[in-house]
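> the sequence isn't on hand, but the structure is:
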């Protein structure tokens with residue numbers, strides 16, 4: 001099945017209003033039907049078939065091969081032929097048609113003048129050419145939200161359309177096509193081809209018209225009588241009632257959807273409240289943690305200051321002890337050297353004074369006493385030195401000094 005793109009009319013695939021809008025033109029054109037009819041831009045062929053009911057032979061031409069295939073399969077009538085071809089280069093003989101229609105075609109062509117030129121070429125001297133197009137002003141207003149029709153290349157205003165037709169045809173009348181609300185009085189079943197009508201107005205001027213239909217001819221000038229087409233789907237009140245019913249159904253569905261959305265919204269609000277409380281609890285915990293962390297940093301800073309103070313004091317004590325130890329070492333060294341020197345002098349004196357043995361013995365005893373005294377003194381010094389070294393070891397093993405070594409602070413005390 002051919003796809004409905006939103007522009008080409010396909011029977012059964014469009015709404016009743018759009019279908020009636022297009023079919024009405026062919027119902028209007030049937031009043032001018034002669035022996036030979038040409039439908040330019042015939043599309044899916046429904047209009048050609050409508051005209052063929054009042055003609056000896058009808059030809060439909062369209063550039064779309066898919067549309068022509070659809071027309072051939074749906075309207076296989078003996079007095080109809082469908083051809084693939086362009087409305088700007090009609091592959092048919094000159095002056096060979098009594099009625100030519102080109103409904104909603106000209107606005108799709110960049111070379112729209114060629115369409116008018118070809119229509120003039122193939123129309124018979126007494127023939128009629130019917131061509132329709134949307135009113136540019138009304139169409140732009142009605143499509144203000146959607147934007148321009150992407151299928152239309154050139155749209156016409158009333159004066160431009162009439163002047164363009166007049167360049168090719170001596171006789172030109174432009175009618176306005178509008179959809180009107182009306183009242184009809186008819187039997188329940190009978191269908192009348194002849195209907196009396198009273199038309200009090202046509203809904204505005206040419207600027208407000210929906211479509212223009214040009215009636216063009218070369219020699220004969222058809223009488224431009226008003227034509228009223230009442231489609232089957234024309235019960236406006238019934239259509240409105242059905243539309244209201246559909247709107248009510250949609251409204252009920254919308255209310256149901258809103259109720260569901262409201263319930264979901266409340267759930268989301270409750271979830272948001274829970275998350276907010278949870279977030280506040282976490283924020284309080286984070287604030288407490290930050291407070292504890294700042295207090296810990298303050299305490300660490302205090303401990304570092306205390307450590308520096310204790311390290312400085314320990315360094316001062318160690319320096320003093322080291323100074324005392326150095327002085328004791330020097331004193332012990334001097335006294336040892338003096339004892340050695342004294343002993344050497346005594347030995348030399350004994351060697352020289354053999355004859356003074358008594359005196360030497362006395363001196364020796366005195367020296368021995370001195371040595372004993374010095375030895376005791378040296379031992380006392382050694383004891384003091386040992387006590388100092390023990391205190392130094394205790395200082396070295398102090399936790400503050402070890403901590404200072406770890407962080408690289410304090411003096412280095414060698415063993």
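Arrived safely. All values derive from a computational prediction rather than experimental measurement.
> count of neighbours near residue 343?
Neighbour count of residue 343, defined by other C-beta atoms under 10 Å: 13. For glycine as for every other residue, the C-beta is placed from the backbone atoms N, C-alpha and C.
> what sits against it?
By C-beta atoms under 8 Å, 6 or more residues apart in numbering, the residues touching residue 343 are 367, 371.
> rerun at 10 Å
367, 370, 371 (C-beta atoms under 10 Å, 6 or more residues apart in numbering).
> so residue 220, which of the three states?
Secondary structure for residue 220, judged by DSSP: H, G, I helix; E, B strand; the rest coil, is coil.
> that one against residue 169, yeah?
No: the pair residue 220 / residue 169 is not scored as a contact, 11.3 Å apart, by C-beta atoms under 10 Å.
> name the residues contacting each of the two.
residue 128.
> give me the more crowded residue out of the two.
Using other C-beta under 10 Å as the criterion, residue 220 and residue 169 rank with residue 169 on top: 19 against 11.
> which stretches of the stretch 101-250 of the chain form helices?
Using DSSP state H, counting those that start in this stretch, the helices found in the stretch 101-250 of the chain span residues 112-122, 136-142, 158-166, 236-352.
> what's the first helix or strand after the longest one?
Spelled out, it's helix 236-352. As assigned by DSSP states H and E, the chain's next helix or strand after helix 236-352 is helix 357-396.
> now do that next one and helix 236-352, the angle between them.
180 degrees (axes from the mean of the first three to the mean of the last three C-alpha atoms, to 10 degrees).
> relative to the strand or helix carrying residue 100, what are the paired strands and their orientations?
In the assignment (DSSP H and E), residue 100 maps to strand 97-103. Here strand 97-103 is paired, per DSSP bridges, with strand 36-40 (parallel), strand 123-134 (parallel).
> re the thing from before, pick the most deeply packed of the helices of the stretch 101-250 of the chain.
Highest mean neighbour count among the helices of the stretch 101-250 of the chain (mean count of other C-beta atoms under 10 Å): helix 112-122, with a mean of 19.
> from what I can see residue 51 touches residue 40, true?
No: using C-beta under 10 Å, residue 51 is not in contact with residue 40, being 11.9 Å away.
> shared neighbours, the two?
Common neighbours of residue 51 and residue 40, using C-beta under 10 Å, 6+ apart, are 60, 101.
> pick out whichever of the two has more residues nearby.
For the pair residue 51 and residue 40, the greater number of neighbours falls to residue 40 (26 against 23), based on other C-beta under 10 Å.
> let me know the pLDDT of the more buried one.
At residue 40, the pLDDT value in this model is 97.
> just checking, it touches residue 129?
Yes: if you go by C-beta under 10 Å, residue 40 and residue 129 touch, sitting 9.4 Å apart.
> what's the domain layout of the chain?
16-234, 254-407 (automatic domain parsing).
> so which of these comes closest to residue 247?
Among these, the nearest to residue 247 by C-beta to C-beta is domain 254-407 (9.9 Å).
> list the contacts of residue 101.
Here residue 101 is in contact with 25-26, 28-30, 32-33, 37-42, 47-48, 51, 58, 60, 119, 128-132, 213 (C-beta under 10 Å, 6+ apart).
> below-threshold pLDDT in the stretch 51-200 of the chain: ranges please.
142-144, 181-200 (pLDDT under 70).
> please, which helix or strand holds the nearest residue to residue 83 once chain neighbours are set aside?
What sits nearest to residue 83 in space, not counting adjacent residues and going by C-beta to C-beta, 6 or more residues apart in numbering, is residue 61, at 5.0 Å. Under the criterion DSSP H and E, the helix or strand holding residue 61 is strand 57-62.
> how far out from the middle of the chain is whichever helix or strand comes after that strand?
As assigned by DSSP H and E, the chain's next helix or strand after strand 57-62 is helix 65-74. Centroid displacement of helix 65-74 relative to its chain, using C-alpha atoms, centre = their mean, to the nearest Å, is 43 Å.
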